[in-house]
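Peer 1: Here is my input, please return the structure:
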Amino acid sequence: MIAADPDVSKLIYEPMKYSGSLDHLSYVEVTPIIGREYTTAKIKDILQANNAEQQLRDLAVVISERGVVFFRKDQSELSVDELKRFTDEVGRLSGRPKENGLHVHPLYRDPGNIPMGNGETDENIYVINSEAAKALYKTVPGRTTNQPKDLSREWHSDATFEECPSDFSCLMMQETPPDGGDTLWCSGYEIYDRISPPMREFLDGLTATCAQPVFKSACTAGNYEVMSPRGSPQNVSDNFAPSHPVVRTNRQTGWKSIFAGVGLHVTRINGLYDYEEKMIRDYIMRLITHNHDCIARMHWTTGAAAIWNNSCVWHAATPDTHLVPGAVRTGIRASSIGEKPYLDPASTSRREALGISI
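Peer 2: Alright, predicted model coming up:
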């Protein structure tokens, strides 16, 4: 809900409040800072509850405050349409623009787009599959190298290459390897809180270009048109080079988070000299890698699901399944599309808002 008062001391979006409708569900906090795991809850039961909208809205609050929520119990009976509806409703009920919906992957028409386990494809579902990634992104420069892997490149938030990126993403894992294949999430709230106040003030004024030219090159190589629009009337064309704030405000909480300061899709922090730009991006990545208490880790089990808020977390898959002979790791992901990222001058950091000392 947008606050009517134009006073700059008031937040543009009124923070969401938890009503208690999920209190009957058993959970554990993954870490004190980030993540919650519902140990026995079924997404299908939430969708079918008499107060489904209230529960889904409360879930949006929990996800936005904790960054990511895991559903450990096997969710395999959840249909593709139900997964889509679940993700769509969490985004809608948390106040995203009314004209927005689920993201459409730019390369949906690509012949290398591997279908889901049922043999079907869906423009709103991205199939998580290492072989699919190789086929879709074969035009990325430098994919073949003898250099050691730099896994810091794996960190990203979904659809940052769009004018309106994803707010919520939900992934249900269908097949898992016996070892490895974990996913990590890092709190952009907490990374922001670990930066000195003068440095925060500097970062607050910066934007970054989030270019992803692979989509245009893949379409050219495959001789097909990019999908458009993609979950928002603003997500059109094949430019894929929007400018986003380095620090953004999460509309659900009103808290600041590092957003476009690092990640797979961030190509340059704007307006800085080359060395300055590299120094800042290296610094933010150093904060991620040196502060593992800001990270929640999911060891996937068959049918488990995770839903996260891309406005305040990055995530990174652990690319180690190739080390396990015969390993299979596949899942399906739906993503809601939120508003164009913004920095509200009235917003504060998470620790400031909650009165937590560093």
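
Peer 1: For the rest of this, base every contact and every neighbour count on C-alpha atoms.
Peer 2: Will do.

Peer 1: Check which helices and strands the lengthiest helix in the chain sits against.
Peer 2: Determined from DSSP state H, the single longest helix within the chain is helix 274-290. Judged by 3 or more CA pairs under 8 Å, 6 or more residues apart in numbering; DSSP states H and E, helix 274-290 is in contact with helix 188-193.

Peer 1: other SSEs contacting the helix it packs on?
Peer 2: Against helix 188-193 (3+ CA pairs under 8 Å, 6+ apart) you get strand 256-258, helix 274-290, strand 313-317, helix 350-354.

Peer 1: can you redo the ones you listed as CSV with mean pLDDT?
Peer 2: Shown next, in CSV, are these (pLDDT from 0 to 100):
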stretch, mean pLDDT
strand 256-258, 98
helix 274-290, 96
strand 313-317, 96
helix 350-354, 97
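
Peer 1: Against G303, how distant is the residue most central in space within the chain?
Peer 2: The residue lying closest to the centre of the chain (CA atoms, centre = their mean) is N310, at 3.1 Å. Using CA to CA, to the nearest Å, one gets 22 Å for the distance from N310 to G303.

Peer 1: and the longest strand for the chain?
Peer 2: Scanning the chain for the strand with the most residues, using DSSP state E, yields strand 166-175.

Peer 1: Enumerate residues external to it that contact any of its residues.
Peer 2: 75-76, 83, 87, 90-91, 103, 157-160, 300-311, 328-339 (CA atoms under 8 Å, 6 or more residues apart in numbering).

Peer 1: Inside strands: which ones of these?
Peer 2: Judged by DSSP E, the contacts of strand 166-175 include 305-309, 330-337 as members of strands.

Peer 1: just those residues: which has the poorest pLDDT?
Peer 2: Comparing pLDDT over the ones in strands among the contacts of strand 166-175, the lowest score belongs to T330 (91).

Peer 1: Now do that residue against F215, distance only.
Peer 2: 22 Å.

Peer 1: which residues of the stretch 1-150 of the chain fall in helices?
Peer 2: Under the criterion DSSP state H, counting those that start in this stretch, the stretch 1-150 of the chain contains helices at 43-48, 52-66, 80-93, 130-136.

Peer 1: tell me the mean pLDDT over the last one?
Peer 2: In this model, helix 130-136 has an average pLDDT of 58.

Peer 1: ok so, going back, listing partners with orientation, what would you give for the longest strand of the chain?
Peer 2: Strand pairing for strand 166-175, using DSSP bridges, gives strand 305-309 (antiparallel), strand 330-337 (antiparallel).

Peer 1: so the longest one versus helix 80-93, what angle?
Peer 2: So the one you mean is strand 330-337. 30 degrees (axes from the mean of the first three to the mean of the last three CA atoms, to 10 degrees).

Peer 1: Buried ones in strand 330-337, by neighbour count?
Peer 2: 330-337 (16 or more other CA atoms under 10 Å).

Peer 1: Let me know the closest of these to P245.
Peer 2: I337 (16.9 Å; CA to CA).
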